[in-house]
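Visitor: Take a look and give me a structure for this.
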Amino acid sequence: MPELPQRISYFPLPEMDDEMMEEMQRCATEGTPRPESSAVRAHSKMAFWAFADSWAKLYRNGVVDHALKELCRVYVSRSVKCEYCGNQRSTEAGISEGKLDDLMNFETSGAYDERQRAALSYAEAITWRLDPDDAFWDRLHSNFTEQELVELACFISLTMGQQSWIRLLNIDHHKVMAGSSASLAPGFEDEDSLRASKSDSGYWAAKPE
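Guide: Presented below is the predicted three-dimensional model:
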């Protein structure tokens, strides 16, 4: 599979200040996000920190369970076909790969409980710009407080916006601060395994021939 041209370069690490490099090191060792997308955002210091701070508050912290947010994040990845984001995993979430297989069929899958299905329906409505009815909102309000609904929606919107943009850039893993496999999905731990996984006929983002 030929390598696609990268649309925006990675900002040079030597030109980042100490605070930015500390965040980059966190990306390399903890992941989600990994360092490549952060290195692109680093072209604008304001954008770099606006995302990093918002991501820390909405994704890694907050009142909504982190694993629930991770389900929504991967759902968005598969919806907008952001390979870079879709091939990352939160190790803190503890979600098995098998549980992610049915994400696009979450309503009929037995892999999710009602609260998870409700959250995913929220992600679906935001991502696909659906026009849900009163039953949709009754379902959400029966599973979540208004504080949780606001936090979850802001997180879904943040990751959807970023992933819709990142998928256009043709960036990939193991290009910045290489050598770490932090928070990568199985089969993407290094460049060789990444290429092999993307060449597999069952690859989730395989493009039709």
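Visitor: how many other residues sit next to Tyr75?
Guide: For Tyr75, the neighbour count with other C-beta atoms under 10 Å is 24. For the C-beta atoms, the positions are set from N, CA and C on the backbone; glycine is no exception.
Visitor: Tell me the predicted confidence for it.
Guide: With respect to pLDDT, Tyr75 scores 98.
Visitor: likewise Ala153?
Guide: So Ala153 comes in at 98 (pLDDT).
Visitor: tell me what the helix or strand of the chain with the lowest mean pLDDT is packed against?
Guide: Comparing helices and strands within the chain by mean pLDDT, DSSP states H and E singles out helix 97-100 as the least confident, with a mean of 93. In terms of contacts (3 or more C-beta pairs under 8 Å, 6 or more residues apart in numbering; DSSP states H and E), helix 97-100 is packed against no helix or strand at all.
Visitor: which of the residues in it are buried?
Guide: For helix 97-100, burial by neighbour count (16 or more other C-beta atoms under 10 Å) applies to 99-100.
Visitor: what sits up against that helix?
Guide: 71, 74, 111-112, 185-186 (C-beta atoms under 8 Å, 6 or more residues apart in numbering).
Visitor: just checking, which of these belong to helices?
Guide: If you go by DSSP state H, the contacts of helix 97-100 have 71, 74 in helices.
Visitor: Max pairwise distance over the contacts of helix 97-100: which two?
Guide: Tyr112 and Pro186 (20.5 Å; C-beta to C-beta).
Visitor: Buried only: go through the contacts of helix 97-100 for me.
Guide: Taking 16+ other C-beta under 10 Å as the criterion, what is buried in those is 71, 74, 111-112, 185.
Visitor: Including distance to Met177, could these go into TSV?
Guide: Below are the buried ones among the contacts of helix 97-100 laid out as TSV (distance: C-beta to C-beta, whole Å):
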residue	distance to Met177
Leu71	27
Val74	23
Ala111	34
Tyr112	34
Ala185	18
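Visitor: From the rest of the structure, what touches the helix or strand where Ile156 lies?
Guide: Remark: Ile156 resides in helix 146-166, with elements defined by DSSP states H and E. Here helix 146-166 makes contact (C-beta under 8 Å, 6+ apart) with 37, 40, 51, 54-55, 58-59, 62-64, 68-69, 72-73, 76-77, 80, 82, 84-85, 119, 122-123, 126-127, 140-141, 144.
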